[in-house]
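Participant: model the structure of this input:
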Amino acid sequence: MAGLLFALFAYLGFGLACVALLLFIASPLSTALGLPIHIDASIFPPVSPWLAGALNLGLIALFGLQHSVMARPGFKQWLSATVPVHLQRAVYLVASSIMVAVLIVLWQPLPAMVWQVQDGFNATLIWMLHGFGWLLLVAATFMINHFELFGLAQPFRQWRNLPVPHDEFRTSWLYRYMRHPIYTGWLVIFWATPQMSVGHLLFAIGMSAYIVVGIIYEERDLIATFGGRYRDYRRRVPALIPGLKI
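Facilitator: Numbers count the residues shown, from 1 in each chain. Predicted coordinates:
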């Protein structure tokens, strides 16, 4: 029972981290709400643009390193010495939430504008696209196994003494048309904004690069698990955009 409660705490904490990330990226919304921290504002004194850029790239690299390393089978095997397998996903969520908080708090704004859509109608359309990105991201998690992905199913099975299911390769719903709809949702979130500052652009480029690297490593693991079935799936189905081989 204690493990299930910890997993629930991790799940709720990660949900709050996602809300914080939404407010961090959507700087006009954060400004309207009077929040002191977002992608174009910081509680720390400003630094030179070059130093700010270097610090921000370091934060993105640290974010990507934490996510990628902790998702690898070798790290999970090492972690098994101290953390039960059924709680490893919850530990990953806690670490990810902490990393999101670190990125948000230490991010250095670069507020000069790259583009800014002034027309209210067009800006609304862009915000609708941004919201669609969040909807796609969340929906895609339920198209596979939301509660397995976010670490609740594993401790529940342990608590109820239920058998662990075998790894199952499923291509339901959007996964029939793109291999990584969750990543597609993130890309829409990063880029769909009517107000793109230099700092936001750096964030979007850095996170997009992390997604490309993440896909490479994730698909290596999937091929190791499912072999030819995943190779055939990768050959037939585009990674991010239906109908396009990307």
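Participant: can you give me every residue that contacts the nearest residue to I25 once chain neighbours are set aside?
Facilitator: Using Cβ to Cβ, 6 or more residues apart in numbering and skipping the chain neighbours, the partner closest in space to I25 is I39 (5.9 Å). From N, CA and C alone the C-beta is placed, and that goes for glycine too. Residues near I39 by Cβ atoms under 8 Å, 6 or more residues apart in numbering: 24-25, 27, 107, 109, 197, 199-200, 203.
Participant: how near is I39 to G151?
Facilitator: Separation of I39 from G151 (Cβ to Cβ, to the nearest Å) stands at 28 Å.
Participant: cool, and Y11?
Facilitator: Distance, Y11 to G151, by Cβ to Cβ: 7 Å.
Participant: for this protein, identify the residue most remote from the centre.
Facilitator: Distance from the C-alpha centroid of the chain, by Cα atoms, centre = their mean, peaks at N161 (31.1 Å).
Participant: can you give me phi and psi for that residue?
Facilitator: Note on N161: backbone dihedrals following degrees, to the nearest 10 are phi 60, psi 50.
Participant: picking that back up, would you turn the contacts of I39 into TSV with secondary structure, neighbour count and pLDDT?
Facilitator: Shown next, in TSV, are the contacts of I39 (DSSP: H, G, I helix; E, B strand; the rest coil; neighbours: other Cβ atoms under 10 Å; pLDDT from 0 to 100):
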residue	secondary structure	neighbour count	pLDDT
F24	helix	23	96
I25	helix	23	95
S27	helix	22	88
W107	coil	24	97
P109	coil	21	95
S197	strand	20	96
G199	helix	25	96
H200	helix	24	97
F203	helix	23	97
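Participant: in the protein, which ranges drop under the pLDDT threshold?
Facilitator: Applying pLDDT under 70 to the chain flags the ranges 246.
Participant: and with 80 instead?
Facilitator: The chain contains residues with pLDDT under 80 at 1, 164-170, 243-246.
Participant: any idea which element the most centrally placed residue in the chain lies in?
Facilitator: For the chain, the residue nearest the mean C-alpha position is W186 (6.4 Å; Cα atoms, centre = their mean). Secondary structure assignment for W186, by DSSP states H and E: helix 181-191.
Participant: show me what that helix is packed against.
Facilitator: If you count contacts as 3 or more Cβ pairs under 8 Å, 6 or more residues apart in numbering; DSSP states H and E, helix 181-191 packs onto helix 120-143, helix 198-226.
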